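> A structural model of the following input is requested.
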Amino acid sequence: MESVRARAFLESVERGSFRAAADALGYTPSAVSQLVAALEKDLKLNLLVRSKKGVTVTPEGSRLLPIVRSYLAREKEMYELASEMQGLSVGNLTIAAYPSIATTWLPELVRTFQRDYPDIEFSIMEGVRQDLFHNLDQHVADMAFLAYAEPMDYEWIPLAEEEMIAVLPEGHPLADAAAYPLSRLGEDNFIMTSWGHDQELLNMFRKNNVSPHIKYTTYDTPATLAMVRMGLGISICNELAAQYWNEHLVKLPLDPPETITFGIAYTSEEHMTAASKKFLAYAVKYLTRAEQ
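Predicted coordinates:
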């Protein structure tokens with residue numbers, strides 16, 4: 001499989017048309033179409049469905065996508081390693097992260113890293129746990145910054161412990177309390193992130209044998225905190241996620257106290273690019289030192 005054909009196929013799938021893929025690759029739409037057709041001929045499979053509206057991936061093409069991404073990632077790794085051997089520090093990194101980490105840890109970490117490696121380019125992808133794992137599985141992201149929760153089917157490096165807190169609207173009856181008792185969760189309207197599938201919270205509920213009254217679900221924490229601020233209910237999050245939310249809501253420790261562990265997940269160090277390995281080592285050193 002020639003990499004130029006694989007890249008034409010991948011860009012066509014991700015952008016939805018040969019024209020958009022051509023713009024991204026610097027080719028003509030006809031050239032992209034011919035490259036994909038040549039790949040289909042080599043593999044003896046139909047990879048895309050063509051229509052006037054663009055292209056969509058076939059079931060066979062969808063099954064091949066993770067392999068195509070892995071194949072192109074290894075090619076990128078080869079060139080980055082060659083550059084490393086020449087004394088250069090080039091490449092690009094895609095980092096997946098919780099919004100809380102993307103807005104607190106990563107900006108300073110990337111800025112500091114770029115002082116030493118200014119030619120490495122970054123893409124930051126924010127998302128909930130399901131998104132981050134999907135991006136790792138599809139070889140879209142080089143690594144993911146998130147909280148530990150079972151199941152964890154990836155290589156894992158712990159970085160820091162964070163306190164879990166209750167976030168309440170200003171007029172809540174417990175706004176002046178010293179802590180929020182988890183035993184009260186069934187009495188308040190609860191706002192749940194990750195479309196109701198926040199694994200860290202679900203594990204915490206099971207551990208403490210509590211059943212919250214889930215009134216609303218949201219995609220991520222900023223939407224949840226905005227709803228809390230409007231008095232629609234309460235929620236629980238980590239301190240990092242609520243760091244910049246200090247108006248019209250109350251933050252309380254939990255009773256009993258709960259913590260989560262933030263860290264880095266990745267599929268395999270063996271398949272990481274030279275740039276990824278540099279950033280991984282840098283992040284561990286920088287963030288663990290910051291916690292000390």
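> which residues of the protein score low on pLDDT?
1, 83-90, 289-292 (pLDDT under 70).
> what's the strand ranked longest in it packed up against?
Determined from DSSP state E, the single longest strand within the chain is strand 155-169. Secondary-structure packing of strand 155-169 (3 or more CB pairs under 8 Å, 6 or more residues apart in numbering; DSSP states H and E): helix 221-229, strand 235-238, strand 249-255, strand 259-266, helix 274-291. To be clear about C-beta, it is placed using only N, CA and C from the backbone, and glycine gets the same treatment.
> Compare the ones you listed and report which one is nearest to residue 2.
helix 274-291 (23.3 Å; CB to CB).
> Show residues contacting the closest one.
77, 80-81, 83-84, 89-93, 95, 105, 109, 112-113, 116-117, 120, 142-143, 157, 159-161, 264, 266, 269, 272 (CB atoms under 8 Å, 6 or more residues apart in numbering).
> The stretch 51-200 of the chain: helices as residue ranges?
Ranges of helices within the stretch 51-200 of the chain are 59-85, 99-116, 129-137, 199-208, based on DSSP state H, counting those that start in this stretch.
> Which other helices and strands does the longest one contact?
Contact analysis of helix 59-85 by 3+ CB pairs under 8 Å, 6+ apart lists helix 3-15, strand 91-97, helix 274-291 as its packing neighbours.
> now these in CSV, with distance to residue 194?
Putting the helices and strands packed on helix 59-85 into CSV (distance: least, CB to CB, whole Å) gives the following:
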stretch, distance to residue 194
helix 3-15, 24
strand 91-97, 14
helix 274-291, 24
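> of the ones you listed, which approaches residue 42 most closely?
The nearest among those, by CB to CB, is helix 3-15 at 7.5 Å.
> So which bits of the helix or strand that that closest one is followed by are buried?
Proceeding C-terminally, helix 3-15 gives way to helix 18-25 as the next helix or strand, assigned by DSSP states H and E. For helix 18-25, burial by neighbour count (16 or more other CB atoms under 10 Å) applies to 18-22, 25.
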